[in-house]
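Peer 1: dropping a prediction and its sequence here:
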Amino acid sequence: MINQAVYSFSVWLDSLESSTLLHESFYMYNWIESTHVLFLMVSLGMLFLIDLRMLGYAFPNVPASKVAEKLSMPMFFGFAVMIITGLLLFYAIPVRSGQSLWLRIKVVLLIAAAVNALLFHWRMKRSISSWDTDAKAPIGLRLGAVLSIIFWVLIVICGRLIAYDWFDCAHGQSGLAGVLAGCIDGQAQF
Amino acid sequence: MSTASLGSYYRTIITVAVVLLATAFLFSSLRVDAWVGLKPFFEWMGTTWFGVIGTTWGAVFAVVQAFHLLAMALMGGAIIVSDGRLLGLGFSEMDEREVLDKSHTIFSRSLAVVLLTGIFMACGVAMKIYYLEVYWYKMLALSVGILFTYGIKKPLLAKSLDDISPLVRRAVALSSLVVWFSVAGAGRWIGFSG
């Protein structure tokens, strides 16, 4: 039922003229994709530095609260740009993207990373005064930092794999891959 | 001529001279000779283990590419923090030396991963990039970036920071951002060329 809804929504998006124009515009599509990738440096670069500070590998002599405070703004700006450009990339190729196994895994990982980030922020705020100047954060926060790095490494890998068509419904997927990709029996191919 | 006679900026002068020579080389006919001469090397790259793995297993290539991007992200983060500090845009209440030194360590380690994964990827698509003009632009930008960082920025900032004029510090930070953004931009350009 969810797969049918995603498919119907994607087909509707695909029928919009602006979706086709974006897909077929060589420069605009590539500018959006390039912006999406280049802003990794702003968003993930900052996020990794915050995580590495918690683990004691980056700026151990700088208070953790300062590192988090100073790097959060560019990090959130970077993520905002990545979300906007990511949605535009989906909008340009909605049906294939909606049925991409890798994009689906990526979305699940993004949700997991967001929940982890919220828990991390909440725990850090609650306990920061007791360890702010320590080289390493307490074990719970270090675990959160490691999870954050793992989630984002997997998110970037899935993002890269979206370009490959091994599990595309157009190849007539059956079994688990077909179910997870959301292939619909007898669907029109795009 | 001793290096002392060039003053405290001798490394900067040498680096600029190397970049100028490289630019002159690019606009000379020697460039084409060198490019033709490099063809056997690129053909050999495609036959190495890296080349065979990169060509045969798309998944391995994609995962290595992802780690290339992740290392680029960390490298970009280190550049933004150190250059942001030099421009006075962040970490202003932190010890400048600490921020610059730690950022440089992270930058160097990330660069090592970027280069290693980049070599793997280059082997996997050796002949494609050999004929791709933008690949050579990226290599030029990367060489300028490495020369700039290790030949100009690092030695300059190794001095007492109070002795460096604010104008020079800002110029170095802005140049660094422009150079490395060019490297990243040229890398993306490869993605949608050819």
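Peer 2: It's in.

Peer 1: the residue nearest to the spatial centre of chain B is in what secondary structure piece?
Peer 2: Nearest to the geometric centre of chain B sits B:Leu142, at 3.3 Å (CA atoms, centre = their mean). Per DSSP states H and E: B:Leu142 is located in helix B:133-147.

Peer 1: does chain A have contacts with that helix?
Peer 2: No: judged by CB under 8 Å from any CB of the partner chain, helix B:133-147 stays clear of chain A, getting no closer than 12.3 Å. Where you see a C-beta, it was placed from the backbone N, CA and C, and this is true even at glycine.

Peer 1: buried residues, that helix. List them.
Peer 2: The neighbour-count check on helix B:133-147 (16 or more other CB atoms under 10 Å in any protein chain shown) flags B:Val134, B:Tyr135, B:Trp136, B:Tyr137, B:Lys138, B:Leu140, B:Ala141, B:Leu142, B:Val144, B:Gly145, B:Leu147 as buried.

Peer 1: show me which of those residues is closest to B:Ala71.
Peer 2: B:Leu142 (13.4 Å; CB to CB).

Peer 1: need the residues of chain B near chain A, please.
Peer 2: B:58-59, B:62-63, B:65-67, B:69-70, B:72-81, B:90-91, B:93-95, B:98-99, B:102, B:106, B:181, B:184-185, B:188-189, B:191-192.

Peer 1: now list the buried members of the residues you listed.
Peer 2: The neighbour-count criterion (16+ other CB under 10 Å) marks B:62-63, B:65-67, B:69-70, B:72-81, B:90-91, B:94, B:99, B:102, B:106, B:181, B:184, B:188-189 among those as buried.

Peer 1: out of those residues, which are inside strands?
Peer 2: Cross-referencing those against strands under DSSP state E gives no overlap.

Peer 1: which of the residues you listed fall in helices?
Peer 2: Per DSSP state H, helices hold the following members of these: B:62-63, B:65-67, B:69-70, B:72-81, B:99, B:102, B:106, B:181, B:184, B:188-189.

Peer 1: give me the residue ranges of the chain where confidence is low.
Peer 2: Using chain A. A:188-190 (pLDDT under 70).

Peer 1: looking at chain B here, not the other one
Peer 2: Within chain B, the stretches with pLDDT under 70 are B:1-8, B:194.

Peer 1: and the longest helix belonging to chain A, what does it pack onto?
Peer 2: Across chain A, the helix with the greatest residue count (assigned by DSSP H) is helix A:64-92. In terms of contacts (3 or more CB pairs under 8 Å, 6 or more residues apart in numbering or on different chains; DSSP states H and E), helix A:64-92 is packed against helix A:17-24, helix A:26-38, helix A:40-54, helix A:94-98, helix A:101-127.

Peer 1: farthest residue from the center of chain A?
Peer 2: Distance to centre of chain A, CA atoms, centre = their mean, peaks at A:Ser130 (32.2 Å).

Peer 1: from A:Arg123, how far off is it?
Peer 2: Taking CB to CB, to the nearest Å as the measure, A:Ser130 and A:Arg123 are separated by 12 Å.

Peer 1: cool, B:Phe91 as well?
Peer 2: Relative to A:Arg123, and taking CB to CB, B:Phe91 is found at 24 Å.

Peer 1: touching, B:Leu38 and B:Tyr130? I think so.
Peer 2: Yes: between B:Leu38 and B:Tyr130 a contact is recorded at 7.3 Å, counting by CB atoms under 8 Å.

Peer 1: which residues does the residue most central in space within chain A contact?
Peer 2: Taking CA atoms, centre = their mean, the centroid of chain A lies closest to A:Leu110, which sits 4.7 Å from it. With contacts defined as CB atoms under 8 Å, 6 or more residues apart in numbering or on different chains, A:Leu110 is in contact with A:Ile155.

Peer 1: which bits of chain A sit near chain B?
Peer 2: So chain A meets chain B at A:26, A:30, A:33-34, A:37-38, A:40-46, A:48-49, A:52, A:58-59, A:61-62, A:66, A:70-71, A:74, A:152-153, A:156-157, A:159-161, A:163-164, A:166 (CB under 8 Å from any CB).

Peer 1: if any of those residues are buried, put those into a ChimeraX selection.
Peer 2: Entered in ChimeraX, the line below selects the buried ones among these, by 16+ other CB under 10 Å:
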select /A:33,34,37,38,40,41,42,43,44,45,46,48,49,52,58,59,62,66,70,71,74,152,153,156,157,159,160,161
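
Peer 1: how near is the residue nearest to the centre of chain B to chain A?
Peer 2: B:Leu142 sits 15 Å away from chain A when distances are taken as CB to the nearest CB, to the nearest Å.

Peer 1: and that residue, what does it touch?
Peer 2: Counting by CB under 8 Å, 6+ apart, B:Leu142 touches B:Val183.

Peer 1: what's the answer for A:Phe151, then?
Peer 2: When contacts are counted by CB under 8 Å, 6+ apart, A:Phe151 touches A:Leu109, A:Ala112, A:Ala113, A:Asn116.

Peer 1: switch to 10 Å and redo it
Peer 2: For A:Phe151, the contacting residues are A:Leu109, A:Leu110, A:Ile111, A:Ala112, A:Ala113, A:Ala114, A:Val115, A:Asn116, A:Ala117, by CB atoms under 10 Å, 6 or more residues apart in numbering or on different chains.

Peer 1: report the buried members of those.
Peer 2: Buried among these by 16+ other CB under 10 Å: A:Leu109, A:Leu110, A:Ala112, A:Ala113, A:Asn116, A:Ala117.

Peer 1: and which of those residues is nearest A:Gly172?
Peer 2: Distance to A:Gly172 across those (CB to CB) is lowest for A:Leu109, with 26.7 Å.

Peer 1: that closest one and A:Ser148 touch, don't they?
Peer 2: No: with contact defined as CB atoms under 10 Å, A:Leu109 does not count as touching A:Ser148 (11.2 Å).
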